[in-house]
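Enquirer: Dropping the sequence and predicted coords here.
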Amino acid sequence: MTELLKATAALADSLGKIGPTLTSLIGAILFATIAALATHALPGTDLKPALMTKISPTPAPANTGKITTPADNAQQ
């Protein structure tokens, strides 16, 4: 565990010494990767069919030829 902490500290120190341009590049790549994973844009990140739900449209009300009034709607 101590060796891991030392390695992490050395990595953080070396990343602190690089310029802002390279830091921005690393951040942009990291952001693009996370966004692609979140939107399932990368291969192998497809949604499983079991998670997909079918959305059925609500049926349109039957046309009775009668003009409805707000009072009719309130009674329904």
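Expert: Received, thanks.

Enquirer: quick one: the strands in the protein?
Expert: Per DSSP state E, the chain has no strands. Nothing in it meets that criterion.

Enquirer: Just checking, which helix or strand of it averages the lowest pLDDT?
Expert: Using mean pLDDT, DSSP states H and E, helix 70-75 stands out as the lowest-scoring helix or strand of the chain, at a mean of 62.

Enquirer: Distance check, I29 against A12.
Expert: 18 Å (C-beta to C-beta, to the nearest Å). Bear in mind the C-beta positions are built from the backbone N, C-alpha and C, glycine included.

Enquirer: again, but for P20
Expert: Per C-beta to C-beta, P20 is found 16 Å from A12.

Enquirer: Over to L30?
Expert: L30 is 15 Å from A12, where distance means C-beta to C-beta.

Enquirer: so where's the chain uncertain?
Expert: 42-66, 68-76 (pLDDT under 70).

Enquirer: where do the helices sit along it?
Expert: In the chain, the helices defined using DSSP state H lie at 2-17, 20-38, 70-75.

Enquirer: Turn those into a markdown table, including mean neighbour count.
Expert: Shown next, in a markdown table, are the helices of the chain (neighbours: other C-beta atoms under 10 Å):
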| stretch | mean neighbour count |
| --- | --- |
| helix 2-17 | 9 |
| helix 20-38 | 10 |
| helix 70-75 | 8 |
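
Enquirer: Nearest residue to A41 in space, please, no chain neighbours.
Expert: Spatial nearest neighbour of A41, chain neighbours left out: A35 (7.9 Å); criterion: C-beta to C-beta, 6 or more residues apart in numbering.

Enquirer: Could you check how many residues crowd around M1?
Expert: The tally of other residues near M1 (other C-beta atoms under 10 Å) stands at 5.

Enquirer: Look up how far A7 lies from it.
Expert: Using C-beta to C-beta, one gets 11 Å for the distance from M1 to A7.
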